[in-house]
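okay, structure incoming, though there's no sequence with it:
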């Protein structure tokens, strides 16, 4: 029973936190007015993709916590979540595409570090992070493209 409660905690923390940040920092007129690259997905794609990824992130964190709550994989998991939650306010609220780009690159590095740290002892957690890594790699290219296209020297 304690295991189920801890899973629920991780789901509420990650999925709930992600949804709350998404609501508070929802893209508005500023984002709509940005020049976007041709590969920019429609806005409706982001919520379902992130919801699924947040479920994966929560399950991965829970699995790591069950086996090694004080280990490097858990510390890296917490760091990637902090970077993940930091990106939206910087990008959508502060309108700092440049700083958001730096944060998302650090996030991608942290995700890769979780995969490496978890691979031997927490294989399922590492595998759950692979789609997350792929999406954040794509989001990094998108963020970099938005930076390039929306600065005076760019696009």
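Nice, thanks for sending it over. As the structure is a computational prediction, the values presented were derived from the model and not from experiment.

tell me the contacts of residue 11?
Residue 11 is in contact with 55, 58, 59, counting by C-beta atoms under 8 Å, 6 or more residues apart in numbering. Yep, even glycine has a C-beta here, placed from its N, CA and C like the rest.

out of those residues, which is most surrounded?
residue 58 (24 neighbours; other C-beta atoms under 10 Å).

which residues touch it?
7, 10, 11, 13, 14, 15.

JSON lines for the contacts of residue 11, including pLDDT, secondary structure and distance to residue 92?
Supplementary listing: these in JSON lines, determined by pLDDT from 0 to 100; DSSP: H, G, I helix; E, B strand; the rest coil; distance: C-beta to C-beta, whole Å:
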{"residue": "55", "pLDDT": "98", "secondary structure": "helix", "distance to residue 92": "22"}
{"residue": "58", "pLDDT": "98", "secondary structure": "helix", "distance to residue 92": "22"}
{"residue": "59", "pLDDT": "96", "secondary structure": "helix", "distance to residue 92": "26"}
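
what is the nearest of the contacts of residue 58 to residue 141?
residue 14 (23.9 Å; C-beta to C-beta).

my guess is the closest one meets residue 81, correct?
Yes: taking C-beta atoms under 8 Å as the definition, residue 14 is a contact partner of residue 81 at 6.7 Å.

now do the shared contacts for those two.
Joint contacts of residue 14 and residue 81 (C-beta under 8 Å, 6+ apart) are 57, 61.

which of those two has more neighbours?
residue 14 (24 against 21).

name the SS class of the more buried one, please.
Recorded secondary structure, residue 14: helix (DSSP: H, G, I helix; E, B strand; the rest coil).

just give the nearest non-adjacent residue to it, would you?
residue 58 (3.9 Å; C-beta to C-beta, 6 or more residues apart in numbering).

tell me how far that neighbour lies from residue 115.
16 Å (C-beta to C-beta, to the nearest Å).
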